[in-house]
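> Requesting a structural model of the entry that follows:
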Amino acid sequence: MYSDILLATDGSECARAATSHAVDLAATYGATLHALYVIETRIGYDSGVVDPETIEDDLRSEGESVLEAVDDESRSRDVTLVDRIRKGVPEREIADYVEREGIDIVVVGTRGKSAFKTILLGSTSEALVRDLSVPVVLVSEDGETGADT
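Alright, predicted model coming up:
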C-alpha cells in the first residue's frame, strides 16, 4: 500500500509521537521511511546581537540530533531510512520533497515547536493537509492520529 513514507519533523513533542507512528507504518508495510527536517527561513534575525549564521548552525545541529533519534528508532524496527535537512519554508520544502521523491503518505505532528510562529505564519500541518495530493496523517502529542486524504 505504501512504499515511501515521509516523516516531517521538527523535534517537538508532537513530532516525536509522529516519529513512532511513521516508523510503525514503515515497518508494517515494508516501506522506506524518509525523514525531513527543515531549517525555517521565514523568521529573520535583524539584530546585532543575534548572528544569523550562528542560528542556522544551531538549527542544523538540532536537525542532525532530531534525525539521529529517528534513525535509532528506525533501526530498532529494521526500517530503511533516508534522512535530509533542507532550508526554506517548511510546507514548501515538504511539498517539493513529496513530489520529487514520489512519497505515498506524509506523517507530521499536529503542532510544531512554536505556537507564536504558528499564529504569525500559519500552521505547517494545516498547509500540508490543504495542499498535498497524498494522504497526510496528523499525530498529536499523545499519539492520537487524524488523517486527511
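> Name the nearest residue to Ala8, sequence neighbours excluded.
Spatial nearest neighbour of Ala8, excluding adjacent residues (C-beta to C-beta, 6 or more residues apart in numbering): Val108 at 4.5 Å. From N, CA and C alone the C-beta is placed, and that goes for glycine too.
> For the one you found, give the beta-bridge partners.
Beta-bridge partners for Val108, by DSSP bridges, are Ala8, Leu138.
> quick one: low-confidence parts of the protein?
42-50, 111-122, 142-149 (pLDDT under 70).
> what about the strands in it?
Applying DSSP state E to the chain gives strands spanning 4-8, 32-40, 81-88, 105-109, 136-139, 145-148.
> so what's the residue nearest to Ala8 up against?
By C-beta atoms under 8 Å, 6 or more residues apart in numbering, the contact list for Val108 reads 7-9, 15, 18, 94, 124-125, 128, 136-139.
> Need the max-distance pair from these.
For these, the farthest-apart pair by C-beta to C-beta is Ile94 and Val139; their separation is 14.9 Å.
> What segments of the chain are helices?
Ranges of helices in the chain, per DSSP state H, are 13-29, 52-76, 90-101, 115-121, 124-131.
> Any chance of those helices in TSV with mean neighbour count as columns?
Shown next, in TSV, are the helices of the chain (neighbours: other C-beta atoms under 10 Å):
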stretch	mean neighbour count
helix 13-29	21
helix 52-76	15
helix 90-101	18
helix 115-121	12
helix 124-131	19
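> Can you check which of those gets nearest to Val38?
Closest approach to Val38 among these is made by helix 90-101 (4.3 Å; C-beta to C-beta).
> do you know how far Glu56 is from Thr28?
Distance of Glu56 to Thr28, computed by C-beta to C-beta, to the nearest Å: 36 Å.
> follow-up on the earlier one: so how far is Glu56 from the residue nearest to Ala8?
Val108 is 22 Å from Glu56, by C-beta to C-beta.
> Repeat that for Ala15.
Distance from Ala15 to Glu56, by C-beta to C-beta: 20 Å.
> again, but for Val98
24 Å.
> Arg130 now?
Arg130 is 28 Å from Glu56, by C-beta to C-beta.
> Then Ala8?
Counting by C-beta to C-beta - Ala8 and Glu56 are separated by 19 Å.
> Now do the same contact list for the closest residue to Glu62 other than its chain neighbours.
Nearest in space to Glu62, with sequence neighbours left out and distances taken as C-beta to C-beta, 6+ apart, is Gly11 at 6.3 Å. Residues near Gly11 by C-beta under 8 Å, 6+ apart: 37, 62-63, 65-66, 69, 113.
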